[in-house]
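>>> How does the following fold in three dimensions:
(one chain, ligands or ions: 1)
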Amino acid sequence: MRWIVSSLSVLWFVIAVDIAIAQTARPAPEPATGRVEHPPVMAEKFMVAAAHPLASHAGHAVLASGGNAMDAAVAMQMVLNVVEPQSSGIGGGAFMLYWDAKTRRLTAFDGRETAPRAVGPDYFKQPDGSFKSFWGAFKGGGSVGVPGTLAMLELAHRMHGRHSWASLFEPAIEHAERGFEISPRLAASIALAESKGLGGFPETTAYFFNPDGTPKAEGTVLKNPAFAETLSTIARDGAKAFYTGPIARDIVAAVRATADNPGLMTLEDLADYKAKIRAPVCMPYRDYEVCGMGPPSSGALTVGQILGMLEHFELSGIGPTPEAAHLFAEASKLAYADRGLYMADSDFTRMPTKGLLDPGYLTIRAQQISRDTVIEKAQPGNPPWRDAALRAPDTQRERAGTSHFVVRDAEGNAVSMTTTIESGFGSRVMVRGFLLNNELTDFSFRPSRNGRPVANRIEGGKRPRSSMAPTIVLRDGEPMLLVGSPGGSRIIAYVAQTLIGVLDWGMNPQAAINVGHVVNRNGATDLEAGTGAADLAGALNALGHETRVRDLNSGLHAILIRPDGTLLGGADPRREGLVLGE
Ligand code: GLY
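Numbers count the residues shown, from 1 in each chain. Prediction:
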């Protein structure tokens, strides 16, 4: 067994280092999966990376015309809403980490959706006493949370933007009016979603399907005049034109009118929505500080726990080997176990935010990790906090309709933003040209188990627990890496693994993104098909892991700020993203 482990170690390490070297010199050959791996993009002044080339071009144009990172973020989000409508937009929620170069301050903006005030703990309970399944709950107005992305962007832009709010909507309005070509990924998503209820809602059907009922194909030019009008109104009148008035009335009507799953959202819910400014959650890791989004996201805490445990192991010496994959999977199991029990919206649920990252606590947790054996099922630990025993764990897993982008401007301001409508195409309910989220399915459907409350139970006004992990890594108090990903509850693993690639293995961000994923959410160890990670199955099985080889569809975008100030960007070859810089 040792022989298998060490020969595979060498193989994966050689492949990974080879990729890292190739990225700095020439495009790597196309791998068996058919994905195209580009070399990292280098720039001296500014850089953007997003999941769709048109969004990257919009951000680049804003920066080239003297706008700052916040301006670029607004423009990029609006274009993503048009050209990648299945993943994010003003009908959803988002988290943004923002580094302000002048004050040298990091701020976390929370634009997470809220549950309508009228929902109660048994919201997902059916007449026979059972609880809905995800597939029974995600479609229709009943899954729609009060959207937060627009309120968050307006708040952040008022504080940090330079260009006028209205001007930042121009690229998106132009794409919506003139039309854009359906990308291969959007075409595949429409076709896939057909069997998952995408065709069941009139406005959504008319937009994504041909009159004969077939899904619109790649290359079809899609125009969205309704959305162009919505965007023009918001550009002119601000976010209040979304949260009150005719657009708000149409959102509420659409949410409440769904035939088999109507929602409870009211005009007051929309008018009362507030984006929040929160302190980022930062975790020291080796020579760095890894900062991200705290509650209501589990992102930074779970990423921080994984890193805090792995800090007890020397990773740089062993590289991306089966040993590293094993240690990563074991730390992930322990962190995901704590996530299930403790993490939720801390405005509603008391939780040990500090205790979960307590170095003494993570040292004790790390002692459960053995190099030779596996933890069957990790149990949550006891961080320094006295209410720990009173909770029941939550098993809800967020889905993967999400996008991540990063921006670094010429003045040193930086944005790392993850944005979502939850599942691909959200609730499927479309209003005035945009899709509404199904974020309420990120709550635990069961409010309690065995008499103990679940921290992430649904409550009126509460924000569902997220896994989104927009991250900014600091070195000597200055940003050195911006990164994040879509991927539902796997986001945590994708981001943590990419951090290890850059911080421990010295990879450039593109090479780190390319490395095959290893994901363990406290169960089987998932290995990414068609990559070096899949070759680890034998070695990991021999250690006792249950492994599954499967697609692991991250959408990582990252910018590395090197000590000399130059920028290196990476876009995930698993999606259609683009890095642009100057
Ligand atoms: N809905 C995806 C997430 O919040 O993690």
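
>>> Helix, strand, or coil at Trp99?
At Trp99 the chain is in strand, as set by DSSP: H, G, I helix; E, B strand; the rest coil.

>>> What parts of the stretch 351-500 of the chain come near the ligand?
Residues of the stretch 351-500 of the chain lying close to the ligand (CB under 6 Å from any ligand atom) are Glu398, Thr402, Thr420, Glu422, Asp442, Ser466, Ser467, Met468, Gly488, Ile491. Glycine gets a C-beta too; all of them are placed from N, C-alpha and C.

>>> I'd like these written out as TSV, with secondary structure added.
Compiled in TSV, those are given as follows (three-state DSSP):
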residue	secondary structure
Glu398	coil
Thr402	strand
Thr420	strand
Glu422	strand
Asp442	helix
Ser466	strand
Ser467	coil
Met468	coil
Gly488	helix
Ile491	helix
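
>>> pLDDT and neighbour count for these - can I get that in JSON lines?
Shown next, in JSON lines, are those (pLDDT from 0 to 100; neighbours: other CB atoms under 10 Å):
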{"residue": "Glu398", "pLDDT": "56", "neighbour count": "25"}
{"residue": "Thr402", "pLDDT": "96", "neighbour count": "30"}
{"residue": "Thr420", "pLDDT": "98", "neighbour count": "33"}
{"residue": "Glu422", "pLDDT": "96", "neighbour count": "31"}
{"residue": "Asp442", "pLDDT": "96", "neighbour count": "29"}
{"residue": "Ser466", "pLDDT": "97", "neighbour count": "31"}
{"residue": "Ser467", "pLDDT": "97", "neighbour count": "33"}
{"residue": "Met468", "pLDDT": "98", "neighbour count": "30"}
{"residue": "Gly488", "pLDDT": "95", "neighbour count": "21"}
{"residue": "Ile491", "pLDDT": "97", "neighbour count": "31"}
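
>>> so where is this protein shaky, pLDDT-wise?
1-36, 386-390, 395-400 (pLDDT under 70).

>>> tell me which parts of it are close to the ligand?
So far as CB under 6 Å from any ligand atom goes, the chain lies against the ligand at Glu398, Thr402, Thr420, Glu422, Asp442, Ser466, Ser467, Met468, Gly488, Ile491.

>>> what about Met159, how many neighbours?
Neighbour count for Met159, taken as other CB atoms under 10 Å: 13.

>>> part of a helix, is it?
Yes: Met159 forms part of a helix when assessed by three-state DSSP.

>>> show me what contacts it?
For Met159, the contacting residues are Met70, by CB atoms under 8 Å, 6 or more residues apart in numbering.

>>> Ok, Asn210 next?
Counted by CB under 8 Å, 6+ apart, Asn210 has contacts Lys216.

>>> So it versus the ligand, what's the distance?
Distance, Asn210 to the ligand, using CB to the nearest ligand atom, to the nearest Å: 30 Å.

>>> next one: Pro563
In terms of CB to the nearest ligand atom, Pro563 sits 33 Å off from the ligand.

>>> cool, Ser88 as well?
In terms of CB to the nearest ligand atom, Ser88 sits 10 Å off from the ligand.

>>> what sits against that residue?
For Ser88, the contact set (CB under 8 Å, 6+ apart) comprises Gln77, Leu80, Asn81, Ala94, Thr149, Gly401, Thr402, Ser403, Thr419, Thr420, Ile421.

>>> Could you give the bridge partners of the residue nearest to it when sequence neighbours are not counted?
Closest residue to Ser88 apart from its sequence neighbours, by CB to CB, 6 or more residues apart in numbering: Thr419 at 3.9 Å. Beta-bridge partners of Thr419, counted by DSSP bridges, are Ala94, Ser403.

>>> now swap in Arg408 and tell me
Bridge pairing for Arg408 - DSSP bridges - gives Met47, Ala414.

>>> Surely it is in contact with Leu482?
Yes: the pair Arg408 / Leu482 is scored as a contact, 6.5 Å apart, by CB atoms under 8 Å.

>>> Can you pull the residues that touch both of those two?
With CB under 8 Å, 6+ apart, Arg408 and Leu482 have common neighbours Ala414, Ile559, Ile561.

>>> Please tell me how far Val48 sits from Ile364.
As for Val48, its distance to Ile364 is 42 Å (criterion: CB to CB, to the nearest Å).

>>> out of the two, which sits in the more crowded spot?
Comparing Val48 with Ile364 by other CB under 10 Å, the one with more neighbours is Val48, at 34 against 14.

>>> what sits against the more buried one?
56, 59-60, 63, 72, 76, 405-408, 569, 579-581.

>>> Pro116 contacts Pro147, doesn't it?
No: with contact defined as CB under 8 Å, Pro116 does not reach Pro147; the gap is 11.7 Å.

>>> Looking at those two, which is more packed in?
Set Pro116 next to Pro147 and count neighbours by other CB under 10 Å: Pro147 wins out with 30 against 25.

>>> Count the neighbours of the residue nearest to Ser88 for me.
Thr419, neighbours per other CB under 10 Å, totals 32.

>>> doesn't Met76 make contact with it?
No: using CB under 8 Å, Thr419 is not in contact with Met76, being 9.4 Å away.

>>> Please enumerate the shared neighbours of these two.
Going by CB under 8 Å, 6+ apart, residues that sit against Thr419 and also against Met76 are Phe405.

>>> Helices of the stretch 301-450 of the chain, residue ranges please.
Under the criterion DSSP state H, counting those that start in this stretch, the stretch 301-450 of the chain carries helices at the ranges 322-342, 359-366.

>>> Return the angle between stretch directions for the last one and helix 322-342.
Note on geometry: by axes from the mean of the first three to the mean of the last three CA atoms, to 10 degrees, helix 359-366 and helix 322-342 are set 120 degrees apart in direction.

>>> chain center to helix 359-366: distance?
27 Å (CA atoms, centre = their mean, to the nearest Å).

>>> Kindly report the same for stretch 167-178.
That offset, for stretch 167-178, works out to 25 Å (CA atoms, centre = their mean).

>>> now the nearest residue to Gly544 once chain neighbours are set aside: how far from Thr114?
Leaving aside its sequence neighbours, Gly544 sits nearest to Val374 (CB to CB, 6+ apart; 4.1 Å). Distance from Val374 to Thr114, counting by CB to CB: 39 Å.

>>> Show me which of the two is the more surrounded one.
A direct count of neighbours by other CB under 10 Å for Val374 and Thr114 places Thr114 higher, at 28 against 17.

>>> ok, whichever residue of the stretch 451-582 of the chain sits closest to the ligand - contacts?
Minimum separation of the stretch 451-582 of the chain from the ligand (CB to the nearest ligand atom) falls at Ser466, amounting to 3.2 Å. Counting by CB under 8 Å, 6+ apart, Ser466 makes contact with Gly93, Phe95, Arg112, Met293, Pro296, Ser297, Ser298, Gly299, Glu398, Thr420, Asp442.

>>> The stretch 451-582 of the chain: strands as residue ranges?
452-453, 471-475, 478-484, 518-520, 525-528, 547-550, 557-561, 567-571, 578-581 (DSSP state E, counting those that start in this stretch).

>>> Need these in JSON lines (columns: mean neighbour count).
Shown next, in JSON lines, are the strands of the stretch 451-582 of the chain (neighbours: other CB atoms under 10 Å):
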{"stretch": "strand 452-453", "mean neighbour count": "14"}
{"stretch": "strand 471-475", "mean neighbour count": "23"}
{"stretch": "strand 478-484", "mean neighbour count": "25"}
{"stretch": "strand 518-520", "mean neighbour count": "28"}
{"stretch": "strand 525-528", "mean neighbour count": "24"}
{"stretch": "strand 547-550", "mean neighbour count": "16"}
{"stretch": "strand 557-561", "mean neighbour count": "28"}
{"stretch": "strand 567-571", "mean neighbour count": "28"}
{"stretch": "strand 578-581", "mean neighbour count": "23"}
